[in-house]
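Trainee: how would this look folded up:
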Amino acid sequence: MGEVLSQDEIDSLLNALSTGELDAEEYKDTDTQQIKNYDFSRPAKFSKEHLRTLEIIFEHYGRLLYTNLPAYLRKNVQVEVVNSEAVAYSEFSNALSNPVLLGIVNFRPLVGNIIIELASNLGYAIIDRLLGGAGMTIDKKRDFTEIEVTIIERILSICVDLLREPWQNVVELEPRLERIETNSQFAQIVSPTEMIAIVTLNLRIGDVEGLMNVCLPYLTLEEVMDKLNTKYWYSTMQEVDGNYYGDDIENLISKASVPMKAVLGVSSISVNDFMNLQRGDIIKLNSGIEDELEIYVGNIKKFKALPGAASDNYAVRVTSIIREE
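Mentor: Now for the predicted structure:
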């Protein structure tokens with residue numbers, strides 16, 4: 001609150017103004033209100049908070065691509081979120097070249113579809129890699145054949161399935177790749193004037209680098225827009241028990257098949273004797289009939305056992321466990 005002037009101080013100020021000792025212009029408020037132009041054809045439906053939350057979601061998505069795609073491509077994959085912005089759909093579609101790789105994704109239970117645009121050079125590299133090549137791209141652009149589109153569809157379907165986990169704090173998604181379009185004219189999922197959010201990821205597959213653009217229409221996200229803020233995001237993040245992943249890993253390992261073998265003994269013979277072996281010949285081993293057998297799991301000696309039989313089948317009975325680091 002400003003200082004309250006007494007009546008004498010007010011009178012002296014009025015006298016100074018009337019005599020010209022003070023200039024009233026110097027005391028005028030020089031701050032002018034900033035006026036911002038508003039484009040009604042492009043309403044600001046996506047705030048900075050919305051775009052930042054989308055970046056967080058797709059940073060998580062990028063980590064999933066980084067860990068999952070190398071298993072299929074047998075190549076190192078690097079993923080980085082470049083930026084996010086809100087534009088009209090017409091700007092996005094007009095910037096597309098032909099041919100182009102556009103994955104039309106059903107974003108159920110949300111309304112409508114989203115688009116995943118994959119750079120053509122990445123598409124050529126994926127095709128080359130899955131067909132046994134080194135994963136190189138081509139310099140001259142050409143249309144994709146039906147076989148090539150089918151190959152890319154396999155990888156894009158994997159990418160679409162990975163969208164479930166990053167979005168689970170917002171909505172339980174069941175995304176499905178509906179089709180792949182190589183012509184942007186056949187990918188009009190919303191009105192040209194409709195606002196969309198574009199999240200750009202930079203993918204590096206081996207030595208080939210390109211962009212992946214994810215187009216998210218406002219009409220599709222409208223139902224969950226109130227959840228696209230960092231406050232809601234962090235408040236709904238569930239604490240994961242430290243043993244959660246350990247139990248899953250143990251469960252997967254327990255189903256793995258490993259080779260086991262029981263070694264009765266070893267012997268050394270000459271190549272000539274080996275070539276002249278006949279049915280009924282006896283090979284003397286270095287172990288006795290009362291000795292325990294060595295049981296190998298893979299190439300690791302893990303158990304001691306005694307030979308026997310079970311239901312007319314050869315078998316061994318474990319007598320001791322060899323515990324080694």
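
Trainee: number of residues surrounding Tyr296?
Mentor: Neighbour count of Tyr296, defined by other CB atoms under 10 Å: 14. Every C-beta, even on glycine, is put in place using the N, C-alpha and C of the backbone.

Trainee: the one 4 residues further on now?
Mentor: Using other CB under 10 Å as the criterion, Ile300 is surrounded by 10 other residues.

Trainee: that one and Tyr124: what is the separation?
Mentor: Relative to Tyr124, Ile300 is positioned 44 Å away (CB to CB, to the nearest Å).

Trainee: tell me the secondary structure at the nearest residue to Ile126 once chain neighbours are set aside.
Mentor: Nearest residue to Ile126, sequence neighbours excluded (CB to CB, 6 or more residues apart in numbering): Ile155, at 5.5 Å. Assigned by DSSP: H, G, I helix; E, B strand; the rest coil, the conformation of Ile155 is helix.

Trainee: pLDDT weak spots in the chain?
Mentor: For the chain, the stretches flagged by pLDDT under 70 are 1-5, 20-44, 230-245, 324-325.

Trainee: let's see it at 50
Mentor: Applying pLDDT under 50 to the chain flags the ranges 1, 239-241.

Trainee: what ranges does it have for its strands?
Mentor: Using DSSP state E, the strands of the chain run over 77-88, 101-106, 113-118, 176-181, 195-205, 208-217, 260-263, 293-297, 300-310, 313-321.

Trainee: what's the closest of those strands to Val149?
Mentor: Counting by CB to CB, Val149 lies closest to strand 176-181 out of the strands of the chain; the figure is 5.4 Å.

Trainee: from the chain's centroid, how far away is that closest one?
Mentor: Between the centre of strand 176-181 and the centre of its chain there are 18 Å (CA atoms, centre = their mean, to the nearest Å).

Trainee: tell me where this protein has helices.
Mentor: For the chain, the helices defined by DSSP state H occupy 7-19, 48-73, 89-94, 120-130, 146-161, 218-221, 230-235, 242-254, 271-275.

Trainee: let me have those in CSV, adding mean neighbour count as columns.
Mentor: Below are those laid out as CSV (neighbours: other CB atoms under 10 Å):
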stretch, mean neighbour count
helix 7-19, 11
helix 48-73, 17
helix 89-94, 16
helix 120-130, 22
helix 146-161, 17
helix 218-221, 20
helix 230-235, 12
helix 242-254, 9
helix 271-275, 8
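
Trainee: need the ones you listed in TSV (columns: distance to Val171).
Mentor: Shown next, in TSV, are these (distance: least, CB to CB, whole Å):
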stretch	distance to Val171
helix 7-19	64
helix 48-73	11
helix 89-94	22
helix 120-130	28
helix 146-161	15
helix 218-221	9
helix 230-235	12
helix 242-254	22
helix 271-275	68
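
Trainee: do you know which of those helices lies nearest Gln185?
Mentor: Closest to Gln185 of the helices of the chain, according to CB to CB: helix 89-94, at 8.4 Å.

Trainee: report all helices and strands that the closest one contacts.
Mentor: strand 195-205, strand 208-217 (3 or more CB pairs under 8 Å, 6 or more residues apart in numbering; DSSP states H and E).
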